[in-house]
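Chemist: Need a 3D model of the sequence below.
(4 chains)
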There are 4 protein chains.
Amino acid sequence: MGNSYGTIFRLTTFGESHGGAIGGVIDGCPAGIEIDTELIQQELDRRKPGQSEITTQRKETDEIEILSGIFEGKSLGTPIGFIIRNTDPRSKDYSHIETKFRPSHADFTYQEKYGIRDYRGGGRSSARETAMRVAAGAIAKLALEQLGVKIHGYVSKIGEITAPHYTEMDLGRTEENIVRCPDPVTAEAMIELVKKTRKDGDSIGGMVTAVISGVPAGLGEPVFDRFHAELGKAMLSINAVKGFQYGSGFASTGMKGSEHNDEYYTEGVRVRTRTNRSGGIQGGITNGEDIYFDVAFKPVATIMKEQQSVDEKGESTTVSGRGRHDPCVVPRAVPIVEAMAALVTFDFYLRNQTAKFGG
Amino acid sequence: MGNSYGTIFRLTTFGESHGGAIGGVIDGCPAGIEIDTELIQQELDRRKPGQSEITTQRKETDEIEILSGIFEGKSLGTPIGFIIRNTDPRSKDYSHIETKFRPSHADFTYQEKYGIRDYRGGGRSSARETAMRVAAGAIAKLALEQLGVKIHGYVSKIGEITAPHYTEMDLGRTEENIVRCPDPVTAEAMIELVKKTRKDGDSIGGMVTAVISGVPAGLGEPVFDRFHAELGKAMLSINAVKGFQYGSGFASTGMKGSEHNDEYYTEGVRVRTRTNRSGGIQGGITNGEDIYFDVAFKPVATIMKEQQSVDEKGESTTVSGRGRHDPCVVPRAVPIVEAMAALVTFDFYLRNQTAKFGG
Amino acid sequence: MGNSYGTIFRLTTFGESHGGAIGGVIDGCPAGIEIDTELIQQELDRRKPGQSEITTQRKETDEIEILSGIFEGKSLGTPIGFIIRNTDPRSKDYSHIETKFRPSHADFTYQEKYGIRDYRGGGRSSARETAMRVAAGAIAKLALEQLGVKIHGYVSKIGEITAPHYTEMDLGRTEENIVRCPDPVTAEAMIELVKKTRKDGDSIGGMVTAVISGVPAGLGEPVFDRFHAELGKAMLSINAVKGFQYGSGFASTGMKGSEHNDEYYTEGVRVRTRTNRSGGIQGGITNGEDIYFDVAFKPVATIMKEQQSVDEKGESTTVSGRGRHDPCVVPRAVPIVEAMAALVTFDFYLRNQTAKFGG
Amino acid sequence: MGNSYGTIFRLTTFGESHGGAIGGVIDGCPAGIEIDTELIQQELDRRKPGQSEITTQRKETDEIEILSGIFEGKSLGTPIGFIIRNTDPRSKDYSHIETKFRPSHADFTYQEKYGIRDYRGGGRSSARETAMRVAAGAIAKLALEQLGVKIHGYVSKIGEITAPHYTEMDLGRTEENIVRCPDPVTAEAMIELVKKTRKDGDSIGGMVTAVISGVPAGLGEPVFDRFHAELGKAMLSINAVKGFQYGSGFASTGMKGSEHNDEYYTEGVRVRTRTNRSGGIQGGITNGEDIYFDVAFKPVATIMKEQQSVDEKGESTTVSGRGRHDPCVVPRAVPIVEAMAALVTFDFYLRNQTAKFGG
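Modeler: I've put the predicted structure just below:
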């Protein structure tokens, strides 16, 4: 009921940010995939707090323990279970918000829905849960790479600072700076903006763009489970996301058909399009071109400034963040976006294995 | 595998645009809902072709026949099956595209996926399928109305013409003009633009905005099935949709937390927010405020102008639309957006019935 | 919520016995299967009422209309929708039971569950619904035949009359008599018993046995969706079924391991078992041997004798059947058992396409 | 794909018997259930190896660690994750079967399905997995008890020794002896038989019967997810189960309708049946009477005697069990049967919350 994602390659996650552990289970992983568990840890390290001077300084090692489903370096076809222990020693920090609803957090809505909540660090609504997505996504990525599929995410916007179009940058340079923008000049400006924002005790929004290349034509399931519909859902399920667009996106609302249509031509034996406003997807099914999309992140809700709010009894109160906070989550969101894209793509790849009878 | 939507209130649709019929089945509809079948037909009439001078002039009566699940005016709790016969007499019109891939249509991708396709009128990829969503959505709307929930969609943008913010218009006036924009002045400009576009043999994109009001706090399922993630998927599954945003949406990427956060206050016994950049959803769960969102539609792919393409053998060819076409689908998309919003909201309402033990 | 069966090849049925129609939709059928619609009708004819002197004399033509998903003789990969109109003219016959609960029928339990029911002919609880399973099963059978899989069902027991073990009969002779028992001598005795039962205004129970041969090793999903667990559920979902066993079944409870284990040997390149007490399934996964199983049917609840009961107000009343009834449903249940076995087997075949990475 | 059970209250299990841990996640558990974790451990202790002189003498403490979803003694509504570490020190024992297929085990079928397997102790096919079902079932039981539902399982048959009908025994005495048969005289004979079987290096089959009482009328979902169909699937998914029957079961095949039907009468405001051949279920929906059913267990495949088999290369070999084995699993299966019955019943209770609109 909400904590699983995927149809065949199916991830279920569990865990509050301050309970015993967070964990995940992948069911439906085919047998025989070579799985380098070091690469899983590397992806987790790209997401973890405290990795650079522009993220939260909260230290979490986020060391993964894989409990099942992998034997002698290969997937068994059975469920892959894994956990990360919660070790943050400062769990007592949260008593000051035990009964208060932090503005634009999920405290109030969880309380309304369940009549009970683990108030420590946001409990289940904490973005810490996304670590499990990154772990599962790393396994999907490993499989996709063997199929020739690559996924590149990067920070394309922070505040009003915007990176060039993806086709005008070398996406291989994304990891060269701490803000994860492949354009060095833009990156520098972004880093400055984040530093200033932190100094102000404030937070700032941004955007992640990602490109999935090498996807074969034919993935995606009409009519409700279109490739981009599942991709959109996957992205919108990430904490703080407010919007999703792919290909020409919202800009298409101002265009004419004669401007927007992608004409076909033949390249060798392959049918291709001269332009790619379709974003690699037509009628919900991939056409073999690059799939590219944008994910809008709002500024994180935790800020150091005092804000008006109410408590569980409905009485007025004030709330302000304490200690270490993340002025901008967008750089740390890049591996999460990539992971969700990998889960979506690999699941559709598996679903497509039965599209045609006899193979 | 792709033709069903919903977890408890679950719609499955079937039918090619030129087969025997299109149809749908709703499983999981609670028993005892009073269902006025006339209202279902009325919703279908809002979507049907030929309804005004700015839509396609293709005439389809789209008369629904309900086959099961309703007895003496009430839902039985058993599946509600319904069909609409396909009666367009001009099915032979499509022979000229039997082996050609129309640009930015789904001809190529269906052929790649399945190795076979019903080329007549787009087969399953035709937007005709959405009539079944409108029918099912009408039943969800009837149930939601009894729960105090209202859904209003309208056209907020065509080309570069944009309507005011929803809070500045009377949404009750949406149906007063054929373009379904509640602001009469904007509506008139939009109608002119669509007429001109048709005369040019072209098509034009646009945007639908919708507001769901009266939703109780607590709907939505963390962590993957957040209210807005399912809503986004539902919207992105509609033909021609390229983007989705809710609340502050993409604009949030340029904002600071101190600008964006919605402070709480108490109104009587109810906890409310002073602003609503959250769009009625926090942590994926509704907070009782208005849920509002935008859906971006690209221009329809069928245009009267000649375009370059290839055929099934990969040989160069040209394609151009014939006869009656829809220069702008956005006005007809309004009831579809409302229907999908109703399916999402009612399904979450039902899912929430088991959130708390004993009630 | 209950009206769908299957994970990839997924059937959803709808329809009350006296509503407009009964119908079904198959989602997830691979594209490119050659489908002879005459064979679907033939299977329906094996199930239909009035087919012989030992079934109910109620006449229903049960003519199927396929509405979508098949084009030029092949499956499109899109949903296959189909309906059978309800044409029994005697729908007024049922007024005498409008407010009474017939013993061992589902009148009382539907009323309790839904607070409303279509009392005419049992509504949704009527075995008429199984016609849709037979139609869908016929398509699965067509696909399985192309994979070398055959399914044979037959009547193995009526009252205390029991047929020999399946390995001692020629299953190809099943359709030679109206009771569908491949052993002619047993068949004759069964027919006499059914005739006598009808004359007495009573009904009688029985058993259907079925054999699935040619199934490749490897089908079935540990741990909850074992091949035999799904097969059991599928059989137990048929009206009037009270028990299921496969392979050695209940007899295994009295056996020792040294008697029961199936030793392996090699036949050419194939690993086989010398005995088959496992019924072709080990650890929930097929091993390539025959899958055989028994399905227990209780006597049908409708009898001509007067019985004590209560009405909706809880007041004492009497009930007795009228007119045409089925003294023994077991012969007509054979195609239903086969159909459900086909749905289970083909679905597991499709699910298994992703068990190993890269094929 | 196979490792999850349940629709709303949904258990996913993971873990090989000799990997890092076995574990489970429950998604869809309502918030606010009081959960005494000691009771979960107690149920696990009823299943664990080494608990008495008639089970395997292998010692496993099976101590559960709950990682999430419970806070201050109550369920949070979020996923409940839990693990049991694998601590059996003798994991090297299994090298002698690394490449051999043990008769009537799942070695061969896993190898065929996945092309790889964890041969140590059966890996995922080990009955050790059922510990996770017992843990999850304990939580379902706690919830059901608060709803007035009780589940009693017991051993009703071992070899040819059979216990009296459940209505003729005091089920409260089940735990008084190590074989879990409520009739002391039968229990003693059973214990003798198991001891003798162990001495012979053999194993023996048996049957578990269970009674679910206090279930309200209305649970179960027509038409595929009938209460007894799901119950049957749940039982057949337990290791070594070969058959399932409920109510009159296979005996009904020899009965007449006039003998079998359960007549209704009124007891106070409650509609009841005078007899209960229906086993508490009519048309797949509970009627409020006792639900009772039988589960057939084959003799365990591991025996001390030498058996013929083949290895992975298809060459002839012999296999025989070593060390500590379970001559009869049926007494330890009682808590597993109860747990699965609890999962089924509580899931149907939750599913039924949306059967009627507005209540």
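
Chemist: How about the residues of chain A by chain C?
Modeler: Counting by Cβ under 8 Å from any Cβ of the partner chain, chain A comes close to chain C at A:8, A:28, A:30-33, A:75, A:77-78, A:143, A:146, A:222, A:350, A:353-358. All C-beta spots, glycine's among them, are computed from the backbone N, C-alpha and C.

Chemist: tell me the contacts of A:Met340?
Modeler: Counting by Cβ atoms under 8 Å, 6 or more residues apart in numbering or on different chains, A:Met340 touches A:133, A:137, A:234-235, A:237-238.

Chemist: again with A:Gly50
Modeler: Contact partners of A:Gly50, counting by Cβ under 8 Å, 6+ apart, are A:56-60.

Chemist: make it 10 Å
Modeler: Residues near A:Gly50 by Cβ atoms under 10 Å, 6 or more residues apart in numbering or on different chains: A:56-62, A:324.

Chemist: Quick check: chain neighbours aside, which residue is closest to it?
Modeler: Spatial nearest neighbour of A:Gly50, excluding adjacent residues (Cβ to Cβ, 6 or more residues apart in numbering or on different chains): A:Lys59 at 4.5 Å.

Chemist: State the distance from the one you found to chain B.
Modeler: Distance, A:Lys59 to chain B, by Cβ to the nearest Cβ, to the nearest Å: 23 Å.

Chemist: where's whatever residue of the stretch 251-359 of chain A ends up closest to chain B relative to chain D, distance?
Modeler: Residue of the stretch 251-359 of chain A nearest chain B, by Cβ to the nearest Cβ: A:Gly283 (2.4 Å). According to Cβ to the nearest Cβ, A:Gly283 stands 27 Å off from chain D.

Chemist: again with A:Thr317
Modeler: Distance, A:Thr317 to chain D, by Cβ to the nearest Cβ: 23 Å.

Chemist: That residue is in contact with B:Val271, isn't it?
Modeler: No - with contact defined as Cβ atoms under 10 Å, A:Thr317 and B:Val271 do not form a contacting pair (11.9 Å).

Chemist: Of these two, give the one with the bigger neighbour count.
Modeler: Taking other Cβ atoms under 10 Å in any protein chain shown, A:Thr317 and B:Val271 do not tie; B:Val271 has more neighbours (22 against 15).

Chemist: Where does the more buried one sit, in terms of helix or strand?
Modeler: Assigned by DSSP states H and E, B:Val271 falls within strand B:270-273.

Chemist: Equivalent analysis for A:Ser309, please.
Modeler: Going by DSSP H and E, A:Ser309 is part of strand A:307-310.

Chemist: Is there any residue in that strand that contacts chain B?
Modeler: Yes - against chain B, strand A:307-310 shows contacts by Cβ under 10 Å from any Cβ of the partner chain at A:307-310.

Chemist: Name every strand pairing with that strand and say which way it goes.
Modeler: Sheet pairing of strand A:307-310 (DSSP bridges) gives strand A:316-319 (antiparallel).

Chemist: and the partner strand, what's its mean pLDDT?
Modeler: For strand A:316-319, mean pLDDT rounds to 94.

Chemist: check contacts around the nearest residue to A:Pro327 once chain neighbours are set aside.
Modeler: Excluding its sequence neighbours, the residue lying closest to A:Pro327 (Cβ to Cβ, 6+ apart) is A:Arg198, at 3.9 Å. A:Arg198 sits next to A:53-57, A:204, A:304, A:325-328 when contact means Cβ under 10 Å, 6+ apart.

Chemist: Most neighbours of all these, which one?
Modeler: The residue in the contacts of A:Arg198 with the most neighbours, by other Cβ under 10 Å, is A:Ile204 (31 neighbours).

Chemist: show me what contacts it?
Modeler: Shown in contact with A:Ile204 (Cβ under 10 Å, 6+ apart): A:158-161, A:190, A:193-194, A:196-198, A:297-300, A:327-330, B:253-260.

Chemist: Among these, name the buried ones.
Modeler: Buried subset of the contacts of A:Ile204 (neighbour count, 16 or more other Cβ atoms under 10 Å in any protein chain shown): A:158-159, A:161, A:190, A:193-194, A:197-198, A:297-300, A:327-330, B:253-260.

Chemist: Any figure for the gap between the residue in the stretch 251-359 of chain A positioned nearest to chain C and B:Phe346?
Modeler: Across the stretch 251-359 of chain A, no residue is closer to chain C than A:Phe357, which sits at 4.0 Å (Cβ to the nearest Cβ). A:Phe357 is 36 Å from B:Phe346, where distance means Cβ to Cβ, to the nearest Å.

Chemist: same check, this time on A:Gly2
Modeler: Distance, A:Gly2 to B:Phe346, using Cβ to Cβ: 16 Å.

Chemist: The two: who's more crowded?
Modeler: It is B:Phe346, of A:Gly2 and B:Phe346, that has more neighbours when counted by other Cβ under 10 Å, with 28 against 23.

Chemist: show me what contacts that one?
Modeler: B:Phe346 touches B:6, B:8-9, B:28-30, B:33, B:136-137, B:139-144, B:147, B:149, B:219, counting by Cβ under 10 Å, 6+ apart.
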